[in-house]
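Asks: Build me a structure from this.
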Amino acid sequence: MKKHALICNLMYKLDSYEARSDMMGLLKYMQYRNDRDKHIPQDDGFERWYDRGLGNNYRVIGNRLMYLAGDRANADEVLVRMMVVSPHPDLIAELPEWRRARAVKEISECMVEQYFEAQDLPVLEYSFVIHDPETEDGTPRLHSHILLPATVPDMEGRRHYDLRRQQMPVFHEVRDRVITDFTVGFFGVERAKEIDLDLLTDKEKEAKKVAEPQPEIVENEIAPEPEENLLDRWFGPGR
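Replies: Numbering: from 1, shown residues only. Sure, this is the predicted structure:
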């Protein structure tokens, strides 16, 4: 399950007047909806953001992001970066229901903090919200939306950072380490190996291959579903 054990979809928006207006609408949507069809009442005092320095309300977060986007260190003129963190539905289904949202919270925090530490960068301010959209078949689709500013704090103010193609190998290493550590930490080594076969040693993989009945060879086998289709199914086409 390693390849899709944890999906981390990265997005960004360049700064502009239109982008700022759109961002406020998006943040409000994140705060008051789980998906396109399920509305959460806008009660006073109801906040669902996990505040790690960026804010606990869509207005505060949006204003803070716009303020930080104006810093001279923002070399790429990025308004906001967003990371969508989604553990595989099969992994979430293995957890007791009361533990699932907490798991996504812990995984989201580890992804942000360990990535920036791996890049030898200060951990920046961020906020995130967890969505739990309902599906017809009851499949868990828990995921988080993590909002990140375009710069990190520095001794002299702010500092530019990159999230480009050349940073992706480190990002993917962190992603795999985070989900592996969580799986082993929660389930224990032996159960984790049953869930994620990539945790098996080469010797264990060979023994498992011998013990299990081998599938018949089928001509014209259907190719694995592309990752972008998996994302569409998990998050919905309007993600």
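Asks: lowest-confidence helix or strand of the protein?
Replies: helix 227-235 (a mean of 42; mean pLDDT, DSSP states H and E).
Asks: tell me the pLDDT at the residue positioned nearest the centre of the chain?
Replies: The residue lying closest to the centre of the chain (C-alpha atoms, centre = their mean) is V85, at 1.2 Å. What the model reports as pLDDT for V85 is 94.
Asks: That one reaches E106, doesn't it?
Replies: No: counting by C-beta atoms under 8 Å, V85 sits too far from E106 to count as a contact (10.6 Å). C-beta coordinates here come from the backbone N, C-alpha and C atoms, glycine included.
Asks: Which neighbours do the two have in common?
Replies: Both V85 and E106 lack any common contact, where contact means C-beta atoms under 8 Å, 6 or more residues apart in numbering.
Asks: ok, now which ones touch V152?
Replies: Here V152 is in contact with F116, L121, P122, V123, L124, R158, R159, Y161 (C-beta under 8 Å, 6+ apart).
Asks: Show me what it bridges to in the sheet.
Replies: Note on V152: beta-bridge partners by DSSP bridges are R159.
Asks: mind listing the strands for this structure?
Replies: 6-14, 50-52, 78-87, 126-131, 143-148, 151-154, 157-160 (DSSP state E).
Asks: quick one: which of those is nearest M168?
Replies: Among the strands of the chain, strand 6-14 comes nearest to M168, with 8.8 Å by C-beta to C-beta.
Asks: Which elements pack onto the closest one?
Replies: helix 17-32, strand 78-87, helix 168-187, helix 227-235 (3 or more C-beta pairs under 8 Å, 6 or more residues apart in numbering; DSSP states H and E).
Asks: Dump the longest one to CSV, restricted to CA.
Replies: Looking back up the chat, that one is helix 168-187. Written as CSV, here are the backbone C-alpha positions of helix 168-187 (Å, rounded to 0.1, in the frame of the first residue of the first chain):
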residue,chain,number,x,y,z
MET,A,168,10.0,16.6,-4.2
PRO,A,169,12.4,13.7,-3.4
VAL,A,170,12.8,15.0,0.1
PHE,A,171,9.1,15.7,0.4
HIS,A,172,8.3,12.1,-0.7
GLU,A,173,10.8,10.7,1.7
VAL,A,174,9.2,12.6,4.6
ARG,A,175,5.7,11.5,3.4
ASP,A,176,6.7,7.8,3.5
ARG,A,177,8.5,8.1,6.8
VAL,A,178,5.5,9.8,8.4
ILE,A,179,2.9,7.3,7.3
THR,A,180,5.3,4.4,8.2
ASP,A,181,6.0,5.8,11.7
PHE,A,182,2.3,6.3,12.3
THR,A,183,1.3,2.8,11.1
VAL,A,184,4.0,1.0,13.2
GLY,A,185,3.4,3.3,16.2
PHE,A,186,-0.4,2.7,16.2
PHE,A,187,-0.7,-1.0,15.1
